[in-house]
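A.B. asks: Need the 3D shape of this:
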Amino acid sequence: MNSPPERSEAVPHQQLHDFVARAATHVGLPVQQADLLATLLTGNDLRGVFSHGTAQIATYAILMRDGRLNNAPEVEVVTETDNSILLHGDGGLGYFPAHEGTRRVIGKAQERGIAIMMTRNHGHFGAAGLYSRMTLEHDLITYVTSGHQLNLKPGGDLFGAGGGSPMSFSAPAGEEPALVLDFGAMHDLYGGNPEREDIARLAPGLVLRCIGMGEVCQAWGGLLSGLPLQGKEPRWSWPGANQGSMVITFRIDLFLEPAAFKREMDEYVRAVRELQPLEGFTESHMPGGIEAQRERRFREEGVPVGTGHRKCLDDLAAELGIDPPW
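C.D. replies: I've put the predicted structure just below:
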């Protein structure tokens, strides 16, 4: 899903960042939030997570321009304790409350050992790995998820219960790349996959586990945030504000001295690299390893922008009447 495109052109990441910021401010997003959004989306491109990179601005900008999402949201704290915080996204993109909440929950976990944050009333929060990676430099281990409006209907297929199913787990290493598992449990089981029924027939246990993980995302990241199961009577006022999110993070030193843990993680990463790759792959990596490789290369050589990615940004530039990033 996030393999570099076969045909592409290398584009300096700063050009992509500047275009996203320009498009976002053009539709009314305040400069500081536009810069944060551009930084997060470009960061995904640099790691090769193109599905959640700068191409997403083509959707976000139109949602904000057309009033489906708030283009000037003011993130507010709803409730807060020593080791928890709930933030209200004011109908804007989910990046803003999720980033602010993660920043705050890091401090709480450092003080209290373990902490949790929840966000509500916002749109898409992007790749879950954005937030699990924020905690790595603080010797924390983290789980992130998000849920969205489902609107399940009687007689629908069971796959729909899994929703979008984004989640990420992270753990720091020492000299080696950190473990960052960032995925959607249902992404290979969406309705557009013509092999979905074959997968379910050949590996029903695997499919049920994927659906189960998606249901955890919906329950923990959606229902717990206050998002209702059905959207007939919208919980919040902005029509695109249909998501919530959650971050749980805890200190390594509750259980083990961080330096010792990271030494073991380094040994683990190196051992996995020596294993036989799966068929069709040339290397073996822990989750996050290939993304770390790509980030080093793409920062130096430029982000490989494929034809679909380029078309998204060209079309948005034409729609808004601004210059494309080329």
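A.B. asks: could you pull out the helices for the stretch 101-250 of the chain?
C.D. replies: 129-134, 196-202, 204-216 (DSSP state H, counting those that start in this stretch).
A.B. asks: for the stretch 201-326 of the chain, which spans come out with low pLDDT?
C.D. replies: 232-235 (pLDDT under 70).
A.B. asks: before we move on, back to that, point out the most buried one among the helices of the stretch 101-250 of the chain.
C.D. replies: helix 129-134 (a mean of 26; mean count of other C-beta atoms under 10 Å). C-beta coordinates here come from the backbone N, C-alpha and C atoms, glycine included.
A.B. asks: Average pLDDT for it, rounded please.
C.D. replies: What helix 129-134 shows for mean pLDDT is 98.
A.B. asks: tell me how far that helix is from the chain's mean position?
C.D. replies: 8 Å (C-alpha atoms, centre = their mean, to the nearest Å).
A.B. asks: next one: stretch 216-226
C.D. replies: For stretch 216-226, the distance to the chain centre is 16 Å (C-alpha atoms, centre = their mean).
A.B. asks: List the buried residues for it?
C.D. replies: Residues 216-218, 220-222, 224-225 are the ones in stretch 216-226 that count as buried (16 or more other C-beta atoms under 10 Å).
A.B. asks: which ones are touching the residue nearest to the spatial centre of the chain?
C.D. replies: In the chain, the centroid-proximal residue (C-alpha atoms, centre = their mean) is residue 127; its distance is 1.1 Å. By C-beta atoms under 8 Å, 6 or more residues apart in numbering, the contact set of residue 127 is 44, 49, 51-52, 166, 168, 182.
A.B. asks: do you know how far it is from residue 48?
C.D. replies: Shown here: residue 127 relative to residue 48, a distance of 11 Å by C-beta to C-beta, to the nearest Å.
A.B. asks: same thing with residue 10?
C.D. replies: For residue 10, the distance to residue 48 (C-beta to C-beta) stands at 13 Å.
A.B. asks: Have a look at the two and say which one is more surrounded.
C.D. replies: Taking other C-beta atoms under 10 Å, residue 10 and residue 48 do not tie; residue 48 has more neighbours (21 against 12).
A.B. asks: State the pair within the contacts of residue 127 that is farthest apart.
C.D. replies: 51 and 168 (13.7 Å; C-beta to C-beta).
A.B. asks: quick one, which of those two is more surrounded?
C.D. replies: Using other C-beta under 10 Å as the criterion, residue 51 and residue 168 rank with residue 168 on top: 23 against 13.
A.B. asks: need the contact list for residue 298.
C.D. replies: 13, 45-48, 304.
A.B. asks: I'd assumed residue 37 was in contact with residue 99.
C.D. replies: No: in this structure residue 99 lies outside contact range of residue 37 using C-beta atoms under 8 Å: 9.4 Å.
A.B. asks: Who has more neighbours out of those two?
C.D. replies: More crowded of residue 99 and residue 37, by other C-beta under 10 Å: residue 37, with 26 against 22.
A.B. asks: measure the more buried one to residue 46 for me?
C.D. replies: 15 Å.
A.B. asks: what helix or strand does residue 78 sit in?
C.D. replies: strand 76-81 (DSSP states H and E).
A.B. asks: what number of residues lie near the residue nearest to residue 29 when sequence neighbours are not counted?
C.D. replies: Closest residue in space to residue 29, ignoring its immediate chain neighbours: residue 71 at 5.4 Å, by C-beta to C-beta, 6 or more residues apart in numbering. Per other C-beta under 10 Å, the neighbour tally for residue 71 reads 23.
A.B. asks: Kindly list the main-chain dihedrals of residue 71?
C.D. replies: phi -90, psi 0 (degrees, to the nearest 10).
A.B. asks: Please name the residues that touch it.
C.D. replies: By C-beta under 8 Å, 6+ apart, the neighbours of residue 71 are 27-29, 64-65, 92.
A.B. asks: Which of those residues sits closest to residue 172?
C.D. replies: residue 92 (30.5 Å).
A.B. asks: now the closest one: how far from residue 82?
C.D. replies: 27 Å.
A.B. asks: repeat for residue 9
C.D. replies: 50 Å.
A.B. asks: the more surrounded of those two?
C.D. replies: The neighbour comparison of residue 9 against residue 82 (other C-beta under 10 Å) goes to residue 9, with 14 against 9.
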